[in-house]
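S.K.: Here is my input; please provide its structure:
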Amino acid sequence: MKRTRIGIVGDFNPGYISHRETGIAVEDSGQRLGIAVDYQWVATDAVASDGTGMLTAFDGLWAAPGAPYRSLDGALAGIRFARERGVPFFGT
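M.R.: Residues are numbered from 1 along each chain as shown. As a prediction, the model looks like this:
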């Protein structure tokens, strides 16, 4: 079975139902496509402080719902990273 890694750029908050459901949606989509999906939340403030190098580990990126982000600059850097490098990207 093919594997893919998805980075979810956002600040996970278990109080947001959309955040709790994001992982379920990613996993369900992978199952329907016959792809094993590993996903990881990537905090916006980590992207802002450490740079976008950490995003190279992912095959695709998702800008998570639930603004405000801890770092709008980090969220925008993740979006820019995907756009400029042709990385598959989904935003909600």
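S.K.: Gln40 is in contact with Ile8, isn't it?
M.R.: Yes: with contact defined as C-beta atoms under 8 Å, Gln40 reaches Ile8; the gap is 6.9 Å. C-betas here are computed from N, CA, C, even on glycine.
S.K.: Please compare the two by neighbour count and tell me which comes out ahead.
M.R.: Ile8 (22 against 12; other C-beta atoms under 10 Å).
S.K.: Phi and psi next, for the more buried one.
M.R.: With angles defined as degrees, to the nearest 10, Ile8 sits at phi -100, psi 110.
S.K.: Verify the stated contact: it with Trp62.
M.R.: Yes: Ile8 is within contact range of Trp62, at 4.8 Å (criterion: C-beta under 8 Å).
S.K.: what is in contact with those two at once?
M.R.: Common neighbours of Ile8 and Trp62, counting by C-beta atoms under 8 Å, 6 or more residues apart in numbering, are 22, 26, 39.
S.K.: What residues of the strand or helix carrying the first one count as buried?
M.R.: Using DSSP states H and E, Thr22 maps to helix 17-33. Taking 16 or more other C-beta atoms under 10 Å as the neighbour-count basis, helix 17-33 is seen to contain the buried residues 19, 22-23, 26, 30.
S.K.: Could you look up the next helix or strand downstream of that helix?
M.R.: Going down the chain from helix 17-33, the next helix or strand is strand 35-42, by DSSP H and E.
S.K.: Go through the very next helix or strand once past that following strand and flag the buried ones.
M.R.: Downstream of strand 35-42, the first helix or strand assigned by DSSP H and E is helix 44-50. Of all the residues in helix 44-50, those buried under the rule 16+ other C-beta under 10 Å are 44, 46-48.
S.K.: what's the answer for stretch 54-61, then?
M.R.: 54-55, 58, 60-61.
S.K.: now swap in stretch 64-77 and tell me
M.R.: Neighbour count says stretch 64-77 has 64, 66, 69, 71, 74-77 buried, by 16+ other C-beta under 10 Å.
S.K.: Sort these by pLDDT and name the bottom one.
M.R.: Ranked by pLDDT, the buried residues of stretch 64-77 bottom out at Gly66, which scores 71.
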